[in-house]
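Trainee: one predicted model, sequence on top.
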Number of protein chains: 2
Amino acid sequence: MGISSRDAAGFRTSASMTPEVVQGLTALVGESYLLTDVAERALHAYDATIHRFLPDAVVRPANLQQVAAVLRLCQQARVTVVPRGSATGLSGGALPVRGGLVLDLTRINRIPEINVNDLYAVVQAGVTVENFSRAVAEHGLFFPPDPSAARASTIGGGVAENAGGPHAFKYGVFRDYTLGLTAVKMDGTIVHTGGKTVKNVSGYDLTRLLVGSEGTLAVIVEATLRLIAQPKARRTMLMVYDRLDDAAETVSQVIAAGMQPAALEFIDDASIRVVEQFLHLGLPLDAQALLLIEVDGSEGEVSEQTERVQRLCRQHGARSVTVAGSEAEAAQLWKARKSIASAVARIKPSKVAEDATVPRSQIPTMVRRLKEIARTYQVDLVIFGHAGDGNLHPNIMCDERDPHEMERVWQAVAEIFAVTLELGGTLTGEHGVGTMKAPFMAWEHGEEGLAVMRAIKSAWDPDHLLNPGKIFPETAPPWPVALDPWERRIAGKEP
Amino acid sequence: MGISSRDAAGFRTSASMTPEVVQGLTALVGESYLLTDVAERALHAYDATIHRFLPDAVVRPANLQQVAAVLRLCQQARVTVVPRGSATGLSGGALPVRGGLVLDLTRINRIPEINVNDLYAVVQAGVTVENFSRAVAEHGLFFPPDPSAARASTIGGGVAENAGGPHAFKYGVFRDYTLGLTAVKMDGTIVHTGGKTVKNVSGYDLTRLLVGSEGTLAVIVEATLRLIAQPKARRTMLMVYDRLDDAAETVSQVIAAGMQPAALEFIDDASIRVVEQFLHLGLPLDAQALLLIEVDGSEGEVSEQTERVQRLCRQHGARSVTVAGSEAEAAQLWKARKSIASAVARIKPSKVAEDATVPRSQIPTMVRRLKEIARTYQVDLVIFGHAGDGNLHPNIMCDERDPHEMERVWQAVAEIFAVTLELGGTLTGEHGVGTMKAPFMAWEHGEEGLAVMRAIKSAWDPDHLLNPGKIFPETAPPWPVALDPWERRIAGKEP
């Protein structure tokens, strides 16, 4: 599996994981929940990136108090700790890049409260997003964030990475639904942030600081999440475009017209071919782009919006418009979009999934630049994603066993980041920084911004034991290719 | 005016404001913009609370670079700095409680960019919320946050206090619209946070950490704010209730039914009497409560919602329902709500305006408890506010020259906070902590929560020179009445 006690970047595993620490942890959680067997450790060495790092041990605490006790012990013993849900992340957030202890939160998986009157729920970190969404749906309520791995990915991971999904366009991301958190600092202190009210300006917004902090400030154990009413109706449409620019222009026009579809997804020609190759859905192989648009609301609103969206798409060059007549038909249309990631994974053994995000009007430019990058570096690239948010997912299909190909891949990725920032965008719209984007953080935030983030990190975790190697460039594994040409371009010293 | 160089709490003014510092500041901004005259200082000694603290000097920088230079100089000279917009705040955020330098941001008041394609604007701290809203409305865009002082209050203040307003119910608060910030740390470092994209998870969310930080972490000089499309139509309704509980129940039912009015405002009987006494609007003096409900959206949605809301209100005991037939009629209905604060100010010389916020289902209980508190402490209390958010504004009318009355007032306020927390709420929904709620922060956040906030404060401003005396209990002026009975109750040591 290519996993060793020393990781690929040459970081040594934790020297502090002594037999005494193992014994202490075992005493805290019980023998069955402290795993040191290499097979068990290997099962906690991965996430959805192509990297692997073997932890020294895995702990599976049963509750908040055990999490606090585990962290207190590790702080004293100076063992690094990496919180982990289902490890579906795409940026390396759950990878134990320095070895140490993986803190698996999946046993802490209850939903203590669903409050129908006040529209919130209290949910523990290990509950999957899908199970949570289903549980609240049974009460007629709606939790909109829907990361593509929702079936496996956990609420704790969603909060820690500030996950999004297709419905973020209308409904926002995890941040917009997180009212309060129960989290544990590295020293074992339990902190309760926020509360149960939508409006709350009592002191610093620790809740939103923890959302998206990627498990580097505290371990998130429980969340109070805002819920909304289920929309009464929903309609899905698929638009086929002969010209990419027409599809991109449609996206701009939908937004400019003040329409707010529940989802506004983009699929490029390469993605169409990849999906069609495996699923034979009958997608048009000669089209340059598809738009998948979903509208929701009351029956009246949905009819009104469906009309307007269709008209606007046709005005802006859609060759055909399919409106789903039933839930089953809608699911079929969504299948084209939802199958891309898995189809991509079947073309070549490896993939690198990015989520560079640009201001929405830059989408046509971004798509063109991405296609140029694919040609320049000779990489296999598909583009799809949340066009309404300017949040595209360029995915590079590759074979990590081929070092020559991989060098071109990493160069292409660096170029993607450089172009994103040039267009006024951000390195990551919803995947997080993790290890994958850490080397590029200074490009976006400058040394001043990083210095403030470092000071905040130290305020929560002075010894930097919690989830090391994430977010900050100096702690990340070395980037596999030299970044000098891009560094110079970002610094404006070269065109 | 009751202002002295030593403030009411006995804090000394800044000993560091030496002639050299004054000279240095004058050199930075020019003679006209460094004010040391006592009359000028007195004009910067107040906000919308009843407190006054005289600053040692006032500086009015022209741009970002001057702000940075002023802060750098003050950091070196160890002069405390209090950022100030229009000082319309209700929690003491802009009060120079330790003297020092007031940093007036109102000269930094341009709108460098309104981007219609990408739906954002870049706006400087000193622009008033109303002027900003008007400027974007000219482009058909909508900036929803509408604090009641919007005519005077500034964007910088709105961001620093995370201000809300009636339309927060549907549209959210400043936090939900702030994409990026340019701010200056106490050491003069300029920090750019966030960006121009709606989705952004690149590193810690410094943007939302600064939103609501009340000028204690950095001075906010420029904001990139998200805009949305103007709703096509809007309708305002006023419902009259004979029974308070029916009005409260209606609020719950509107939310439970999944309706999302643009505003859902509550006005109690005492507020009705106060407004009627001054404005003679013809409000029903025998009613126990009014609900002001505004719906917006497309024409179709508005008609549909107006119907549903009316039906639901009548089902739940509304004695009468008035639907505004025109913009002018709508403005007339809003007048009842918008005049309460100024009417209250005319009844007695002083007022204490709170914004305790509870989970929405607790509103009936909260209103009953507030009325009990008014009786127990014999204070003149009106209740109104944003019922849809659980965000009520109990206002106590009083005379600050009467020490006996004021002791009862402060006891009543402490009791309000204790009850709010007992009901699962927060000390402040939209006014901020400032000096007014600082003594109570440990009740809500515990020592653990406050310790984390203090560490974050130190990460940004290690010498605690920026806006001292705010948020943290130990730095706030002593609360005028002993808090022991409530402390014991909150700690659970007494019923």
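Mentor: Received it, and whenever you're ready, just let me know what you need.
Trainee: just confirm residue A:319 is within a strand.
Mentor: Yes: looking at residue A:319 with DSSP: H, G, I helix; E, B strand; the rest coil, it is inside a strand.
Trainee: confidence score at it?
Mentor: Residue A:319 is assigned a predicted lDDT (pLDDT) of 96.
Trainee: that one is in contact with residue A:242, isn't it?
Mentor: Yes: at 5.3 Å, residue A:319 counts as touching residue A:242 under the criterion of CB atoms under 8 Å. To be clear about C-beta, it is placed using only N, CA and C from the backbone, and glycine gets the same treatment.
Trainee: now for the two: what residues contact both?
Mentor: Shared contacts of residue A:319 and residue A:242, defined by CB atoms under 8 Å, 6 or more residues apart in numbering or on different chains, are found at residue A:287.
Trainee: what score does the residue most central in space within chain A have for pLDDT?
Mentor: The structure's chain A has its C-alpha centroid closest to residue A:431; by CA atoms, centre = their mean the separation is 2.8 Å. pLDDT recorded at residue A:431 is 95.
Trainee: kindly report the same for residue A:160.
Mentor: 98.
Trainee: show me what contacts residue A:153?
Mentor: Residue A:153 makes contacts with A:85-86, A:88-89, A:128-129, A:147, A:163, as judged by CB under 8 Å, 6+ apart.
Trainee: need those residues in a markdown table (columns: neighbour count and distance to chain B).
Mentor: Below are the contacts of residue A:153 laid out as a markdown table (neighbours: other CB atoms under 10 Å in any protein chain shown; distance: CB to the nearest CB, whole Å):
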| residue | neighbour count | distance to chain B |
| --- | --- | --- |
| A:85 | 31 | 16 |
| A:86 | 21 | 18 |
| A:88 | 22 | 15 |
| A:89 | 27 | 11 |
| A:128 | 22 | 20 |
| A:129 | 27 | 16 |
| A:147 | 25 | 12 |
| A:163 | 30 | 8 |
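Trainee: sorry, back to before: was I right to think the residue nearest to the centre of chain A contacts residue A:91?
Mentor: Yes: the criterion here is CB under 8 Å, and residue A:431 meets it with residue A:91 at 4.6 Å.
Trainee: what is in contact with these two at once?
Mentor: Joint contacts of residue A:431 and residue A:91 (CB under 8 Å, 6+ apart) are residue A:161.
Trainee: now the residue of the stretch 251-400 of chain A found nearest chain B: closest residue in space that isn't a chain neighbour?
Mentor: Going by CB to the nearest CB, chain B is nearest to residue A:258 of the stretch 251-400 of chain A, at 2.7 Å. Distances taken as CB to CB, 6 or more residues apart in numbering or on different chains place residue B:229 nearest to residue A:258, at 2.7 Å, with adjacent residues excluded.
Trainee: so what's that neighbour bridging to?
Mentor: For residue B:229, the beta-bridge partners are residue B:141 (DSSP bridges).
Trainee: got the residues of the stretch 351-495 of chain A near chain B?
Mentor: A:357-361, A:386, A:389-391, A:424-433, A:437, A:441, A:444-446, A:448-453, A:455-460, A:471 (CB under 8 Å from any CB of the partner chain).
Trainee: please pick the buried ones from the residues you listed.
Mentor: Neighbour-count burial (16 or more other CB atoms under 10 Å in any protein chain shown) applied to these gives A:357-361, A:386, A:389-391, A:424-433, A:437, A:441, A:444-445, A:449-450, A:452-453, A:455-457, A:459-460, A:471.
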